[in-house]
Structure formats: C-alpha cells, structure tokens
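Visitor: Using only what follows, build the 3D model:
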Amino acid sequence: MTHFRSRPKANYILEADWQELYLLTEDWKSDLQFYNDDLKFLHHLIDKYFMWISKKENIDMVREIEVGLLQMDNQCGALLNRADKHLHHLTELIDNPFAYDSHQFRAEHEQLEEKLADFVNDFRKNRKEVFKVTEYVIDTEEMVKQLNLSA
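Guide: From the prediction side, this is the model:
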C-alpha cells in the first residue's frame, strides 16, 4: 500500500484544506482513468493472441488471466465511481464546510486512498502476470509452429 501514496506528508489528510483534497482526488481519478485505459490495452493484447493459441493448457492460462483482468475492470470502475462521489462531496464541502462531519469525511478520504493503493498493487501484479503469460504463450506457440514446419 505504501507504494502508491501520493500525498505530500503523513498528516496531509488531516491538515489539508478541502481544495487541496479535491486536487489530490482529481489526481487519483486521473490515475484511475489511465489504469482503465491500460486495462483495455491488456484485454486487447490477450484477445489478439488468444486466437493463435492451439494448446489447451495455454487457453486455460489465458482464461485465468482474463478473469483477473475482469476483476480489475470491476474494481477500477467502482473506484472511479467512488472518486466521482468523493469529488462531489468535496465540492459541497468547499461551498459549505458544515455539509459533512469533517473527521468522518477525512477518514473516508483515507479509506479511498487505501483502496486505491491496494488496487494499484493488484493492478501491477496482474499486469506483470499478463505479460509473463503472454510471453510464455507466444514462445510455446512459436515453438509448436517451428516443430510443425520442420516435421
């Protein structure tokens, strides 16, 4: 989780004003949109090579990766929705500082940050696995084609 924290200092969430938290949340949303686009690329990568697969075990590995990506899609979508709601609440707090309980809202902001950090770590693991499996599948399928050509 500590790999993603993008706030300036440890007590930032407790000390920052609403505008600063708004800007930080906008950065998080922008990052999530990037991850969402990257997930689309990973799906495209898998789809592109899936039709070339001939070995059953490779199909099963790719299917597992695709399931993991679908879970990441859902998680990213949920976080984007949560960030949008959070930005809306921050807008209301900027207009009316008494609209929400400040301590509770800051705790929710910290929870959002933790969920985002967990997502980023999961995403990185998933992305690494996609590339590892894709490389393996391409290599083994290429070997099968080479063996068929030389036979």
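
Visitor: For the helix or strand hosting residue 113, give the mean pLDDT please.
Guide: Residue 113 belongs to helix 102-150 when assigned by DSSP states H and E. Helix 102-150 shows a mean pLDDT of 84.

Visitor: Can we start the residue count at 728 from this point?
Guide: With the count now opening at 728, the last piece we talked about shows up as helix 829-877.

Visitor: helices or strands up against that helix?
Guide: The contact analysis (3 or more CB pairs under 8 Å, 6 or more residues apart in numbering; DSSP states H and E) places helix 829-877 against helix 739-742, helix 745-777, helix 783-822. For every residue, glycine as well, the C-beta is placed using N, CA and C.

Visitor: If you count neighbours, what's buried in stretch 783-794?
Guide: For stretch 783-794, a neighbour-count test (16 or more other CB atoms under 10 Å) marks 785, 788-789, 792-793 as buried.

Visitor: Any chance of TSV for those, columns pLDDT and distance to residue 833?
Guide: Compiled in TSV, the buried residues of stretch 783-794 are given as follows (pLDDT from 0 to 100; distance: CB to CB, whole Å):
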residue	pLDDT	distance to residue 833
785	74	48
788	79	43
789	80	43
792	87	38
793	89	38
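
Visitor: Of the helices and strands packed on helix 829-877, which is nearest residue 837?
Guide: With distances scored as CB to CB, the stretch of these nearest to residue 837 is helix 739-742 (5.2 Å).

Visitor: and that closest one, what does it pack onto?
Guide: Counting contacts by 3+ CB pairs under 8 Å, 6+ apart, helix 739-742 packs against helix 745-777, helix 829-877.

Visitor: burial measure for residue 748, as a count.
Guide: 21 (other CB atoms under 10 Å).

Visitor: Same check on residue 866?
Guide: Counted with other CB under 10 Å, residues neighbouring residue 866 total 10.
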